[in-house]
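Visitor: Any chance you can model this:
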Amino acid sequence: MSDEFVFDLITSAMATTLAVAGPLLVTALIVGIVISVIQAVTQIQEQTLTFVPKLGAIAFVIFALMPWLMQQLVSFLIEVLQAIPMVVT
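Guide: Predicted coordinates:
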């Protein structure tokens, strides 16, 4: 097992993690900013107000992107499983 192989595997794992988590984090960020602006305009400073819209938006994004997310995770799993013989030798 070479250093290049380990580096490639770690790079692939981090890229897959960013690809899967990225849309969810961006959605939470956008919804959070919109709710914060609404709170600032209306002067409603309730901390729990952002939870339900974020939860709903993230659930929507998860269900909308589920086929793509699963494809990314399955392709990474296949890559890792195919690399097992290189790790053993």
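Visitor: hmm, who's touching stretch 74-83?
Guide: Contact partners of stretch 74-83, identified using C-beta atoms under 8 Å, 6 or more residues apart in numbering, comprise 5, 9, 12-13, 16. (C-beta placed from N, C-alpha, C; glycine too.)
Visitor: Tabulate those residues in a markdown table, adding columns for pLDDT, distance to residue 69 and secondary structure.
Guide: Listed next are the contacts of stretch 74-83 as a markdown table, based on pLDDT from 0 to 100; distance: C-beta to C-beta, whole Å; DSSP: H, G, I helix; E, B strand; the rest coil:
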| residue | pLDDT | distance to residue 69 | secondary structure |
| --- | --- | --- | --- |
| 5 | 85 | 26 | helix |
| 9 | 89 | 20 | helix |
| 12 | 93 | 16 | helix |
| 13 | 94 | 15 | helix |
| 16 | 95 | 10 | helix |
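Visitor: Of these, which is the nearest to residue 53?
Guide: The closest of the contacts of stretch 74-83 to residue 53 turns out to be residue 16 (C-beta to C-beta; 27.9 Å).
Visitor: My understanding was that that closest one contacts residue 69; is that so?
Guide: No - look at residue 16 against residue 69 with C-beta atoms under 8 Å: they stay out of range, at 10.1 Å.
Visitor: Low-confidence regions, this structure specifically.
Guide: Applying pLDDT under 70 to the chain flags residues 1, 89.
Visitor: All the helices of it, residue numbers only.
Guide: Listed in chain order, the helices found in the chain under DSSP state H are 3-42, 51-82, 84-88.
Visitor: With mean neighbour count added, can I get these in a markdown table?
Guide: Formatted as a markdown table, the helices of the chain follow (neighbours: other C-beta atoms under 10 Å):
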| stretch | mean neighbour count |
| --- | --- |
| helix 3-42 | 13 |
| helix 51-82 | 13 |
| helix 84-88 | 9 |
